[in-house]
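S.K.: here is my input; please provide its structure:
(2 chains)
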Amino acid sequence: MNPSRTQVSRTHVSRTQGRRALGACCGVISTALLMGAANGAWLTRVPPADHARTNPLVATAQAQENAASAGAQIYRNECAKCHGDNGAGLHSRPPVVSDRVANATDGDLFWLMSNGVPWRGMPGWSMLPTAERWQLVAYLRALNPSGANETPAPNPASTPLQGNPR
Amino acid sequence: MYGTARLWRSWPLALVFIAFLCARAKAQEPPYLVTYSDVLEEPGNLEIASQNLYSTPKDTNPFYAQTVEMEYGLAAWWTTEVYLQGQVTTHDSTVFTGFRFENRFRPLRRTHWINPVLYVEYEDISQADKSFLEVTGNAVIQDKQVSNALLRKDVERSVEGKLILSSYVKGFNLSENIISEKNVSNEPWEFGYALGVSRPLANGAHPGHCVFCRQYFSVGGELFGGLGTRYTFGTSGTSQYAGPTLSYSAPRNVTVLVGPEFGLNANSADVLWRLKVAYEINQFRDLFRRSK
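M.R.: You can find the predicted model right below:
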């Protein structure tokens, strides 16, 4: 009892359609995840105490420069593979030269490095010593000079996120 | 003499990995050879490592074991890994001893004071395996006195779970592994543990470019051993090891770990000499992407 040629053809067509549907679903999910990774929702999760923290390594201009230089070395070793040597982001990964980073406080950035956004692709870097994470924050400040706030901005955790700040 | 010559013939593979030292550098993982920490592979990165072990236990032929590890970061919270294992025993033979397939999951979204990681592994390993990647049950060094020809016939297929706990306190990493293993045939649950403590030599990075700065070095210590089975729980009749470790993570992708582990009781080998060389391919998955 071999199936007729028409039956085989129908089965083949339905399998092909099934694969296409599966592919489309995967595409939609991947896009949604990438958009989610880039929407800055992590800013809403920074606790107020962390938001208000300031970089202890930048007491003077010279100290800021040293910290940023050291941060540049760490960035090159650990971060550039995803965010690019110039901070523009590789393969749809979020740039680190952006208004969002510029407007985030030192505490926000330190919190992000320590915790990451693991469900959206950014690992936590708590294995880096605390001083190295602050050095990275100093380097991000150097990349985004307009964000060198003297006073911390209001914590997004206490106010709802207004759209996509990217 | 014949066995020793064979042993030395296996070293070129290790030397190939050492040749990678010319390449650029990688992330600072705690310098553990047996203990797992909460550090997972970065998503998209592929790490290829060769872990080499040499030992000359009393009343047992000296042996060299090599484990090739391929570790891939599927997501920031999920790492998968395959191990291929083999060994050379002097005055005996060279055998492939089996494979392990493991997955590690980080269940929590944030970093906490204690960070848990769940580990699930399937292994298909013969009793001839001498990699000592962990010690469970009542495994003792005297088990290895039997010839490879006999040991390799006894293949153990088991499922293993680990609870990995890791903390960072004042620059130190503290990691604890609680191991439980079940042979899929009718054998009792076996238990083991591993503890590690480590610290980078420098807390901050050097402002200038350098290759041998202190920040690239970490030192640590490990303690691991078996805890018997469901019916013989405890440290008696098990082997126990402890020793220091030193790692160097070159700026960017090569890590070298060394460490002797000393047997703490009569059921253990005197010393396990280990050398691990790992090379990380950054964003391996990007090699297959069109967009830049």
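S.K.: which residues of chain A lie near chain B?
M.R.: Residues of chain A lying close to chain B (Cβ under 8 Å from any Cβ of the partner chain) are A:57, A:66-67, A:69-71, A:73-74, A:76-78, A:81-82, A:90-92, A:114-124, A:126-132, A:135. For glycine as for every other residue, the C-beta is placed from the backbone atoms N, C-alpha and C.
S.K.: quick one: the strands in the chain?
M.R.: All of this is about chain A. In chain A, no strands are defined using DSSP state E.
S.K.: please refer instead to chain B.
M.R.: B:46-55, B:63-75, B:78-89, B:94-105, B:115-126, B:155-169, B:172-183, B:190-200, B:217-229, B:240-249, B:254-263, B:271-281.
S.K.: wait, which of those strands is closest to A:Trp42?
M.R.: Closest of the strands of chain B to A:Trp42 is strand B:63-75, at 16.1 Å (criterion: Cβ to Cβ).
S.K.: just the mean pLDDT for the closest one, thanks.
M.R.: Confidence over strand B:63-75, taken as the mean pLDDT, stands at 97.
S.K.: now do that strand: distance to the chain's middle.
M.R.: Centroid separation for strand B:63-75 versus its chain: 8 Å, with Cα atoms, centre = their mean, to the nearest Å.
S.K.: next, format the strands of chain B as CSV and append distance to chain A and mean neighbour count.
M.R.: As requested, the strands of chain B are arranged in CSV below (distance: least, Cβ to the nearest Cβ, whole Å; neighbours: other Cβ atoms under 10 Å in any protein chain shown):
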stretch, distance to chain A, mean neighbour count
strand B:46-55, 12, 20
strand B:63-75, 7, 20
strand B:78-89, 9, 20
strand B:94-105, 10, 18
strand B:115-126, 8, 17
strand B:155-169, 6, 17
strand B:172-183, 7, 19
strand B:190-200, 6, 22
strand B:217-229, 10, 21
strand B:240-249, 9, 20
strand B:254-263, 12, 20
strand B:271-281, 9, 20
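S.K.: out of those strands, the one nearest B:Leu287 is which?
M.R.: Nearest of these (Cβ to Cβ): strand B:271-281, 8.2 Å.
S.K.: mind listing the strands the closest one pairs with, and their directions?
M.R.: Using DSSP bridges, strand B:271-281 pairs in its sheet with strand B:46-55 (antiparallel), strand B:254-263 (antiparallel).
S.K.: what sits closest to A:Cys82 if chain neighbours are left out?
M.R.: Leaving aside its chain neighbours, A:Cys82 sits nearest to A:Arg93 (4.9 Å; criterion: Cβ to Cβ, 6 or more residues apart in numbering or on different chains).
S.K.: remind me which residues of the chain are low pLDDT?
M.R.: In the absence of a named chain, chain A is used. Low-confidence segments of chain A (pLDDT under 70): A:1-39, A:146-166.
S.K.: wrong one, I was asking about chain B
M.R.: B:1-27, B:252, B:290-292.
S.K.: change it to 90
M.R.: Where chain B drops to pLDDT under 90, the residues are B:1-29, B:59, B:109, B:185-187, B:203, B:207-211, B:213, B:250-253, B:283, B:285-292.
S.K.: picking up where we left off before, neighbours around the residue nearest to A:Cys82, how many?
M.R.: For A:Arg93, the neighbour count with other Cβ atoms under 10 Å in any protein chain shown is 21.
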